[in-house]
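Chemist: Turn this into a structure:
(chains A and B)
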Protein chains: 2
Amino acid sequence: MIRYFDEELKELKEKILQMGTISEEMIDYATKALMEEKEELIQEVFTRENKINQLHIEIDEMALQLLALHQPTAIDLRFITAGIKINSDLERIGDLTINITDNILTLLKQPQLKPYLDLPRMNLFAKEMLRKSLDAFINKDVELARSVLLMDTEVDNLKDQIFRELLTFMLSDSQAIERALALILISRHLERIADHATNIAEDAIFIVMGKDVRHHLEKKE
Amino acid sequence: MIRYFDEELKELKEKILQMGTISEEMIDYATKALMEEKEELIQEVFTRENKINQLHIEIDEMALQLLALHQPTAIDLRFITAGIKINSDLERIGDLTINITDNILTLLKQPQLKPYLDLPRMNLFAKEMLRKSLDAFINKDVELARSVLLMDTEVDNLKDQIFRELLTFMLSDSQAIERALALILISRHLERIADHATNIAEDAIFIVMGKDVRHHLEKKE
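Modeler: Okay, the predicted model is just below:
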């Protein structure tokens, strides 16, 4: 029975990692569509969202089955319930990336407003936080998880910087308004992706420590 | 043992409902601060967020304890794991309401841009969805939960309408940009609150039906 449980748990981990990889790919394709002005890449984002939605259902089912059949306790119980929450976070990240593509479509209809510098940086941050938080979760690595919490502040700063700069653009040139607005909304979506990665990192710490680190390092969108 | 489980489950439900009530109050105070131009009401939002954060931790602990000690199966297992997810949704709703207050502070620094009509409507929708979805969850009421899913489309339409109107304001008067932007961001936060209510409603249906209704009625932010 125990061996069976371990195998199922391993499969759950693999599926969650797979969902993480697909989420990263979605973010990559969306960014690439914008940076390389290739609208056709947006289709790649949508194809992957279907897969995310399917995994979302499979992971929830698998986690419930593990709880019902094996009735784990302590760290295994915390791991599986955290998996259920992380599953929701990843699904939301997929949704957010779909929202980003809406704004990209607006941007691709007009010439580029300015060289994109902060947005790809923010994008890299969000992706790195996502990958590290999932690694921290799977490997029960508290130090790695803590490093993600620290990165969240950087993302917030970038978001504020992007907002101020684009507001200036909007105020000085009404032609810039629609594009600046789309860029602001993209930065908000990326910041929320980073927030979800932060949630995952907090869950990773909780699994190991058995105590809650949330609401100590307060964060705001 | 069974009676003990029922009592603990009842307490879990009460705490989740309490969190829902406080979330509603936060949304109310934020809206009131804007509509009645009373900045001091924002403090009421912050006071309640502390309570939300405390309940967030308590509910997670209580749910884990229920799972570990009583090892429930079938509908009870689904109810408790849904409770863990709903707890996260409610905490995020608290965060979003805090974000709304940031935008309200920007708005209160300047004269009102236009009479607020759609925003209070959207606000009422979001609150109603939240209350109904939690009632559906607690009372395992599938029909009520389904009615929430239908409301989500209305909220999306309102969000799009608000966006178009405010974009027109921005394009015709640069003095309006900062306020219009703040209003757009508030509408996005409200729409996300409605999204979380939709998640809760989907979980309510899942608890009863034991099958997943997500990703059938696709929704986008």
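Chemist: and chain A, which residues reach chain B?
Modeler: For chain A, the residues in contact with chain B under the definition C-beta under 8 Å from any C-beta of the partner chain are A:53-54, A:56-57, A:60-61, A:63-64, A:67-68, A:71, A:73-74, A:77-78, A:81, A:84-85, A:88, A:95-96, A:98-99, A:102, A:167, A:170-171, A:174, A:177-178, A:181, A:184-185, A:188, A:199, A:212, A:214-215, A:220-221. (Glycine included, C-beta is placed from N, CA and C.)
Chemist: Pull out the buried residues from those residues.
Modeler: Burial of the residues of chain A next to chain B was assessed by neighbour count (16 or more other C-beta atoms under 10 Å in any protein chain shown); the buried members are A:53, A:56-57, A:60, A:63-64, A:67, A:71, A:77-78, A:81, A:84-85, A:88, A:95-96, A:98-99, A:167, A:170-171, A:177-178, A:181, A:184-185, A:188, A:199, A:212, A:214-215, A:221.
Chemist: In helices only, show me the residues you listed.
Modeler: Among those, the ones falling in helices (DSSP state H) are A:53, A:56-57, A:60, A:63-64, A:67, A:77-78, A:81, A:84-85, A:88, A:95-96, A:98-99, A:167, A:170-171, A:177-178, A:181, A:184-185, A:188, A:199.
Chemist: pretty sure A:Arg146 is touching A:Ala201, no?
Modeler: Yes: counting by C-beta atoms under 8 Å, a contact exists between A:Arg146 and A:Ala201, whose distance comes to 7.5 Å.
Chemist: pLDDT below threshold where in chain A?
Modeler: By pLDDT under 70, the low-scoring segments of chain A are A:1-3, A:211-213, A:216-221.
Chemist: try it again with 50
Modeler: For chain A, the stretches flagged by pLDDT under 50 are A:217-221.
Chemist: so what's the residue sitting nearest the centre point of chain A closest to, chain neighbours aside?
Modeler: Centroid-nearest residue in chain A, with C-alpha atoms, centre = their mean: A:Ile193, separated by 3.8 Å. Take A:Ile193 and drop its neighbours on the chain: the residue closest to it by C-beta to C-beta, 6 or more residues apart in numbering or on different chains is A:Ala126, 4.5 Å away.
Chemist: Equivalent analysis for A:Lys51, please.
Modeler: Using C-beta to C-beta, 6+ apart and skipping the chain neighbours, the partner closest in space to A:Lys51 is A:Ile22 (5.6 Å).
Chemist: Flag every buried residue along the helix or strand hosting the one you found.
Modeler: Counting by DSSP states H and E, the element that carries A:Ile22 is helix A:2-35. Applying a neighbour-count criterion of 16+ other C-beta under 10 Å, the buried positions in helix A:2-35 are A:8-9, A:12-13, A:15-16, A:18-20, A:22-31, A:33-34.
Chemist: and the closest residue in space to A:Gln110 that isn't next to it in sequence, how far is that from B:Lys159?
Modeler: Spatially, and ignoring its direct neighbours in sequence, A:Gln110 is nearest to A:Arg179 (5.8 Å; C-beta to C-beta, 6+ apart). Plainly put, A:Arg179 is 20 Å away from B:Lys159 if you go by C-beta to C-beta, to the nearest Å.
Chemist: cool, A:His70 as well?
Modeler: Separation of A:His70 from B:Lys159 (C-beta to C-beta) stands at 43 Å.
Chemist: how about the nearest residue to A:Ile86, chain neighbours excluded?
Modeler: Take A:Ile86 and drop its neighbours on the chain: the residue closest to it by C-beta to C-beta, 6+ apart is A:Ile200, 5.2 Å away.
Chemist: Does A:Gly210 touch A:Asp76 like I think?
Modeler: No: in this structure, A:Gly210 is not within contact of A:Asp76 by C-beta under 8 Å, at 12.0 Å.
Chemist: where does the residue nearest to A:Ile193 fall, helix, sheet strand or coil?
Modeler: Following DSSP: H, G, I helix; E, B strand; the rest coil, we place A:Ala126 in the helix state.
Chemist: so what's it up against?
Modeler: With contact set as C-beta atoms under 8 Å, 6 or more residues apart in numbering or on different chains, A:Ala126 has these partners: A:27, A:155, A:190-191, A:193-194, A:197.
Chemist: one more time with 6 Å, if that's ok
Modeler: Contacts of A:Ala126 were listed using C-beta atoms under 6 Å, 6 or more residues apart in numbering or on different chains, and they are A:190, A:193-194.
Chemist: go on, A:Glu7?
Modeler: With contacts taken as C-beta under 6 Å, 6+ apart, A:Glu7 has no neighbouring residues.
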